[in-house]
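Undergrad: next comes the sequence, and after it the predicted model I'd like to discuss.
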Number of protein chains: 2
Amino acid sequence: MEARPGGRSARVRDAVRQATLVELAENGYGGLTMEGVASRSGVHKTTVYRRWGSPEGLIADALELAGSEPWPIPDTGSLRDDLRGIVELVRSGFADPVAGPIASAFVSAAVQGSGPAQALHAFFASRHEQAAPVVERAIARGEVPPGTDAAELIRLAVSPVYYRLFITHEPVTERDAERAADAALAAARAGVLRE
Amino acid sequence: MEARPGGRSARVRDAVRQATLVELAENGYGGLTMEGVASRSGVHKTTVYRRWGSPEGLIADALELAGSEPWPIPDTGSLRDDLRGIVELVRSGFADPVAGPIASAFVSAAVQGSGPAQALHAFFASRHEQAAPVVERAIARGEVPPGTDAAELIRLAVSPVYYRLFITHEPVTERDAERAADAALAAARAGVLRE
């Protein structure tokens, strides 16, 4: 696809965002270049430079695309199983040979630059919001106290997975993911997460 | 200090490690250069290149220095207060104008390269080990069940702070730190963290 001079079509944007994701999967954030994305997307290099400015700009825009994809939040009828499902989604996502490197590249880019950091902040705000019904349903069923902070419960459940992956660089097993979910549930039940 | 050709004195190493920490505090990982460290340490550039190889090598060695400094683990007589103290150490450390940028640079470097990642892994293994007595004393006092996994309890208590700082890029208040500690304690009391 060739961008017309001054063209701002949604197709150009989609092509560039998709190309960014594929480049990230293959080469990581360190290997993301304007030239690589231009070449893969078929969009002229000068257009990519003019509209996205830098690899940081590409990352921020691709993150918006990733954030718009719905998260397949479970609804098992039990908060324990819903939380375990959510944490396992995170764990298995990073273990996936295609999605994993893309997600890791987002985290890496956000640690290095404020543009991607803002985009990742918005991405997670959306994720926490999408997961909130799991907690609201559990409150309605009487599984956790009324007023339990849904976003905080989700943060608590997933944070040990991120801690192992990006801070301590330890492996994360399915059992680790399960235990993180169960620990967050125990804290919520004890009333620690009331707003 | 001028390194003699082939000299491998501990003084040269200390000067380079200290200079690396100061450079990280001022310029972050992105601004860490072999030239900057050579100039600040007074060690000849060719020596810095020969012994440390790259900014990654400097980071890994500086992390070893940071890891050798004892962590002032509290001993208040109460697991709740000890855990709150530990999580607050982490939160306030990252908020510190000198120590914060250094610690953030370590995390950033480790996300980008395997040398620093291995060094950070060893650093946190040491931190988890240093904090373990807090849990062992609590078991002896009957505050948490026998067999509670000390390292896992520490991971759980601190991970929400790292999640906010390096993943979701959200602010971390003292109240957030307290709640993370209390949540980990509730999980331990519920028996979720038994080995």
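TA: Arrived safely.

Undergrad: list the buried ones in the worst-scoring helix or strand of chain A on mean pLDDT?
TA: Sorting the helices and strands of chain A by mean pLDDT, DSSP states H and E puts helix A:55-68 at the bottom, at a mean of 90. Within helix A:55-68, the residues scored as buried using 16 or more other C-beta atoms under 10 Å in any protein chain shown are A:P55, A:E56, A:G57, A:L58, A:I59, A:A60, A:D61, A:A62, A:L63, A:A66, A:G67. For every residue, glycine as well, the C-beta is placed using N, CA and C.

Undergrad: tell me who's in contact with A:T168.
TA: The contact partners of A:T168, taken as C-beta atoms under 8 Å, 6 or more residues apart in numbering or on different chains, are B:L120, B:H121, B:F124, B:A125, B:R155.

Undergrad: same check on A:L32?
TA: A:L32 touches A:T20, A:E23, A:L24, A:P55, A:L58, A:I59, A:A105, counting by C-beta under 8 Å, 6+ apart.

Undergrad: ok, of those residues, which one's closest to chain B?
TA: A:A105 (9.9 Å; C-beta to the nearest C-beta).

Undergrad: for A:A38, grab the count of nearby residues.
TA: Around A:A38 there are 20 other residues, counting by other C-beta atoms under 10 Å in any protein chain shown.

Undergrad: do you know how far it is from A:R189?
TA: Between A:A38 and A:R189 the distance is 53 Å, computed by C-beta to C-beta, to the nearest Å.

Undergrad: so which residues on chain A come close to chain B?
TA: For chain A, the residues in contact with chain B (C-beta under 8 Å from any C-beta of the partner chain) are A:30, A:104, A:107-108, A:110-112, A:117-118, A:120-121, A:124-125, A:152, A:155-156, A:158-160, A:162-164, A:166-170, A:179-180, A:182-184, A:186-187, A:189-190, A:192-193.

Undergrad: are any of these buried, and which?
TA: A:104, A:107-108, A:110-112, A:117, A:120-121, A:124, A:152, A:155-156, A:158-160, A:162-164, A:166-170, A:179-180, A:182-184, A:186-187, A:189-190, A:192-193.

Undergrad: switch the contacts of A:L32 over to CSV; also include distance to B:A138.
TA: Output for those, formatted as CSV (distance: C-beta to C-beta, whole Å):
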residue, distance to B:A138
A:T20, 48
A:E23, 49
A:L24, 44
A:P55, 47
A:L58, 49
A:I59, 43
A:A105, 40
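
Undergrad: nearest to B:T46 among the residues you listed?
TA: A:P55 (32.6 Å; C-beta to C-beta).

Undergrad: could I get the buried residues of helix A:55-68 in a markdown table, plus columns for distance to B:R50?
TA: Shown next, in a markdown table, are the buried residues of helix A:55-68 (distance: C-beta to C-beta, whole Å):
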| residue | distance to B:R50 |
| --- | --- |
| A:P55 | 32 |
| A:E56 | 34 |
| A:G57 | 38 |
| A:L58 | 37 |
| A:I59 | 36 |
| A:A60 | 40 |
| A:D61 | 43 |
| A:A62 | 40 |
| A:L63 | 41 |
| A:A66 | 43 |
| A:G67 | 46 |
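
Undergrad: the residues of chain A next to chain B in helices, which ones?
TA: Counting by DSSP state H, those place A:104, A:107-108, A:110-112, A:117-118, A:120-121, A:124-125, A:152, A:155-156, A:158-160, A:162, A:179-180, A:182-184, A:186-187, A:189 in helices.

Undergrad: which residue ranges make up the domains of chain A?
TA: Domain segmentation of chain A under automatic domain parsing yields A:7-66, A:72-189.

Undergrad: which parts of stretch A:72-81 are buried?
TA: Buried, per 16+ other C-beta under 10 Å, within stretch A:72-81: A:I73, A:P74, A:S78, A:L79, A:R80.

Undergrad: gap between the last one and chain B?
TA: Per C-beta to the nearest C-beta, to the nearest Å, A:R80 is found 11 Å from chain B.

Undergrad: run through the residues that contact that residue.
TA: A:R80 neighbours (C-beta under 8 Å, 6+ apart): A:A181, A:D182, A:L185.

Undergrad: one more pass at 6 Å, please.
TA: Contact analysis of A:R80 by C-beta atoms under 6 Å, 6 or more residues apart in numbering or on different chains lists A:L185.

Undergrad: pLDDT of the helix or strand where it lies, averaged?
TA: Per DSSP states H and E: A:R80 is located in helix A:79-95. The average pLDDT within helix A:79-95 is 97.

Undergrad: got it, and stretch A:37-49?
TA: If you average the pLDDT values across stretch A:37-49, you get 97.

Undergrad: what is the end-to-end distance of that stretch?
TA: 10 Å (C-alpha to C-alpha, to the nearest Å).

Undergrad: what does stretch A:27-40 give?
TA: Length of stretch A:27-40, first residue to last, C-alpha to C-alpha: 13 Å.

Undergrad: buried set for it?
TA: A:G28, A:Y29, A:L32, A:M34, A:G36, A:V37, A:A38, A:R40.

Undergrad: give me the below-cutoff pLDDT ranges for chain A.
TA: A:1-8 (pLDDT under 70).

Undergrad: regarding A:I73, what is its secondary structure?
TA: Per DSSP: H, G, I helix; E, B strand; the rest coil, the local secondary structure of A:I73 is coil.

Undergrad: list the contacts for it?
TA: Contacts of A:I73 (C-beta under 6 Å, 6+ apart): A:Q130, A:A131.

Undergrad: go on, A:T76?
TA: By C-beta under 6 Å, 6+ apart, the contact set of A:T76 is A:D82.
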